[in-house]
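Asks: Please work out how this folds:
(one chain, ligands or ions: 2)
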Amino acid sequence: MHNDRKWWKESVIYQLYPRSFQDSNGDGIGDLRGILQRMDYLEQLGIRAIWLNPIYKSPNDDMGYDISDYRDIMDEFGTMADFDELLAAAHARGIRIIMDLVVNHTSDEHAWFVEARKSKDNPYRDFYIWRKGKGKEPGDEPNNWASFFTPSAWTYDEATDEYYLHLFSQKQPDLNWENPRLREEVYRMMNWWMDKGIDGFRMDVINLIAKEEGLPDGASSGAGYVFCPEHFANQEKLHDHLQEMRRRCFDGRDAMCVGETPFSSPETGSRLMDPENRELDMIFQDALMEVDSGEGGKWNVIPFSLKEWKRRVRTWQQVAENTWGSLFWSNHDQPRPLSRFVDLDAAARAAIANLPEGAQGQDAAYAAAFETLRTRAAKMLGAAMHLMRGTSYIFQGEEIGMLNMPFASPEDLRDIESINFYNEECKKGGDAAEKAFQSILKKGRDNARTPMQWDDSAFAGFTMGSEPWEKVNPNYQSINVARQMEDPDSVLAFYRQLIRFKQTDEAAVYGAFRDLLPEDEDLFAYERALPEAPQDGFLVICNFSGAAKPVPETLREAVLARGGEMLFSNVKERDEDVLQPFELRVIR
Ligand code: ISL
Ligand code: CA
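Replies: Numbers count the residues shown, from 1 in each chain. Ligands and ions are numbered 1, 2, ... in the order given. Predicted structure coming up:
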């Protein structure tokens, strides 16, 4: 087991999406001064670091992931002076700041690209990836690559009669990491931020920066574009770039780096995180998030299988044993876990099933049951994920159990990924559009981006203005911070305890992981313990099902083998032999 002590192993990190956290000036958009207003909240939560989604200058084609100036702040978010104040305020409270680093691509409005597209001999031309096509019509592109956000990954540029590559939107041209001058500029920029005192970077799609030599076509049986990560993810050159970046930007500093690395196998993950290789401290592996995606990708939603999820958990916990890893239920790209990995509606309906059809008070009974189960399941999910081995990331709103947004119409969507997908599907006719919208309701990124629910005043206390940029979830009157602050049994109160425990308990941070019930379809149970102090370990027992489940014999024995001190629980009355719907027990 690899167990070097590091601050980033002992810190729970709060992912803060600035656009939706707190608006301070009534324009309906969250901002840096809004975050400053909420510093007490963050301190009370007990987290030791914050990861800020991009706050740099940006035209917001992809909500800040299209940067037009790496050394300036987005107009809507405030000024560099506001940022300096925020950094100092966080540090004064013992909270570190991790910045997003988006260097696979820039905005097409970045000065480098504005220059690059002027002429083929412009000094910035080779900062990007340009190729000649067969013509300028669809199908004439330099290769058949599909992009994440658009059908083709290439856009034709009239001025120089060439195409530029963009794995994301047309306004996000990919940088050319083959060019040493570009790499130099990136390292200078990173060091500039580090010198300001930030504590590390979350590196956006960092494993896509190196593309396969020659940009070969994706394998396909006919015409059309092909999404082919095998040609642009985890290429051999990536490891050279990361090692160089590590030396140039992290040597001699106590900063951390976490890479977002979609399409990574456990082998690749181990290589990226192996401390000997000096590449990344940890990665965001996407295997656990993709568990409900079918053949066709994220929009092809398939039912959640706990057994399959646990198989992936074991794989990545095994990787974490000798390296490290990250633990997260969601982020700004994912729907809310309570609307995804448990079925609250079915459980609530079952809970009131004994009421006669159409009986008086049916709606109120359902609402009460739903609320009880939501709170219980939120605590269960929180412990299930964050007590495993790895650094915990809590996405804003998770700590109060926020839910997916019941968007009424496609017009309410704000995310380029969903909007482009919807528009493409509309072209197909029939029921394609309606099907697309149903998938978006389940998996769309806007679900994560609705405003933080602070209290039951207008717009959930997010803005004093007239309309937030993204609609507020209508459930804010019952699900909000103010209400949970006063309730010792709230999700929020539970998360505070969970965070404290995760950051201070030796076994919770450094212990090994062992799955106790790999085959069970409904229960997730594991042990964490340090080999040198097994008696200080603990058991985590979770019922993911909305029905009561008997405690299996093997678990009963494991419980008996421990003293039985209940560290965490989410029900008032317990039955030794039966787990209630979504029940949690953490036993020392
Ligand atoms: O959202 C996704 C899956 O649900 C992914 O396809 C996502 O687009 C991909 O993992 C990359 O995400 C990151 O880079 C994008 C940006 O839009 C995302 O917000 C960011 O997390 C481009 O910069
Ligand atoms: Ca604002």
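Asks: Please give the number of neighbouring residues around Arg483.
Replies: A count of nearby residues for Arg483, using other C-beta atoms under 10 Å, gives 18. Every residue, glycine included, has its C-beta placed from N, CA and C.
Asks: in the strand or helix carrying it, what's buried?
Replies: Assigned by DSSP states H and E, Arg483 belongs to helix 481-485. Neighbour-count burial for helix 481-485 flags 481, 483-484 (criterion: 16 or more other C-beta atoms under 10 Å).
Asks: which residues are contacting stretch 142-150?
Replies: Identification of contacts with stretch 142-150 by C-beta atoms under 8 Å, 6 or more residues apart in numbering yields 62, 131-133, 152-154, 163, 165-170, 172, 215-218, 220, 224-228, 231-232, 416-417, 420.
Asks: Which positions in the chain make contact with ligand 2?
Replies: 23, 25, 27, 29, 31 (C-beta under 5 Å from the ion).
Asks: Which helix or strand contains the fourth one?
Replies: In other words, Ile29. Counting by DSSP H and E, Ile29 is part of no helix or strand.
Asks: domain parsing for the protein?
Replies: With domains defined by automatic domain parsing, the chain comprises 105-174, 410-445, 511-587.
Asks: Start and end of the longest one, how far apart?
Replies: Pointing back at domain 511-587 there. Across its full length, domain 511-587 reaches 15 Å end to end, with C-alpha to C-alpha, to the nearest Å as the criterion.
Asks: got it, and stretch 327-340?
Replies: Stretch 327-340: ends 17 Å apart by C-alpha to C-alpha.
Asks: That one and ligand 1, any residue contact?
Replies: Yes. If you take C-beta under 6 Å from any ligand atom as the test, stretch 327-340 does meet ligand 1, through 332-333.
Asks: what's around Phe263, how many residues?
Replies: Close neighbours of Phe263, defined as other C-beta under 10 Å, add up to 17.
Asks: Need the phi and psi values for it.
Replies: The phi and psi torsions at Phe263 (degrees, to the nearest 10) take the values phi 70, psi 30.
Asks: Contact partners for it?
Replies: Taking C-beta under 8 Å, 6+ apart, one finds 207, 229, 233-234, 286 in contact with Phe263.
Asks: Quickly note the distance from Leu567 to Phe341.
Replies: For Leu567, the distance to Phe341 equals 22 Å [C-beta to C-beta, to the nearest Å].
Asks: the more surrounded of the two?
Replies: Neighbours per residue, other C-beta under 10 Å: of Leu567 and Phe341, the larger number sits with Phe341, 21 against 18.
Asks: Please tell me how far the more buried one sits from Asn404.
Replies: Look at Phe341 and Asn404: by C-beta to C-beta, they are 12 Å apart.
Asks: swap in Phe21?
Replies: Relative to Asn404, and taking C-beta to C-beta, Phe21 is found at 19 Å.
Asks: So the two - more neighbours on which side?
Replies: More crowded of Phe21 and Asn404, by other C-beta under 10 Å: Phe21, with 24 against 20.
Asks: For the closest residue to the more buried one other than its chain neighbours, give me the backbone phi and psi.
Replies: Nearest non-adjacent residue to Phe21, counting by C-beta to C-beta, 6 or more residues apart in numbering: Gly30, 4.5 Å away. Dihedral pair for Gly30: phi -60, psi 160, per degrees, to the nearest 10.
Asks: and what of Met256?
Replies: Backbone geometry at Met256, expressed as degrees, to the nearest 10, gives phi -110, psi 160.
Asks: and Gly358, what pLDDT?
Replies: pLDDT for Gly358: 75.
Asks: Can you report how many residues lie near it?
Replies: With other C-beta under 10 Å as criterion, Gly358 counts 6.
Asks: Give me the sheet partners of the helix or strand where Lys298 lies and which way each runs.
Replies: When secondary structure is defined by DSSP H and E, Lys298 falls within strand 297-301. Here strand 297-301 is paired, per DSSP bridges, with strand 293-294 (antiparallel).
Asks: which SS state does Glu527 fall under?
Replies: Under the three-state scheme (DSSP: H, G, I helix; E, B strand; the rest coil), Glu527 adopts strand.
Asks: in stretch 171-179, what's buried?
Replies: Residues of stretch 171-179 classed as buried by neighbour count (16+ other C-beta under 10 Å): 171-177, 179.
Asks: Could you do stretch 134-144 as well?
Replies: Residues of stretch 134-144 classed as buried: 141-144 (neighbour count, 16+ other C-beta under 10 Å).
Asks: With stretch 63-82 instead?
Replies: Those would be 63-68, 70, 73-74, 76-78, 82, for stretch 63-82 by 16+ other C-beta under 10 Å.
Asks: For burial, what's the neighbour tally of Asp487?
Replies: Neighbours of Asp487 (other C-beta under 10 Å): 11.
Asks: Quick check: pLDDT value at it.
Replies: Here, the pLDDT recorded for Asp487 equals 98.
Asks: same deal with Val291?
Replies: 98.
Asks: And the residue lying closest to it once chain neighbours are set aside, how far from Ala287?
Replies: Nearest residue to Val291, sequence neighbours excluded (C-beta to C-beta, 6+ apart): Trp309, at 4.9 Å. For Trp309, the distance to Ala287 equals 9 Å [C-beta to C-beta].
Asks: Regarding the chain, what is its longest strand?
Replies: In terms of residue count, the longest strand belonging to the chain (DSSP state E) is strand 533-543.
Asks: just to revisit the earlier point, top of the contacts of Phe263 by neighbour count?
Replies: Neighbour max across the contacts of Phe263 (other C-beta under 10 Å) = Asn207, 27 neighbours.
Asks: Skipping adjacent residues, who's closest to that one in space?
Replies: Nearest non-adjacent residue to Asn207 (C-beta to C-beta, 6+ apart): Thr261, at 4.1 Å.
Asks: Now do the one you found: how many residues are near it, please.
Replies: Neighbour number of Thr261 under other C-beta under 10 Å is 24.
Asks: got the contact list for it?
Replies: Counted by C-beta under 8 Å, 6+ apart, Thr261 has contacts 205-207, 233-234, 268-269, 272, 280, 283-286.
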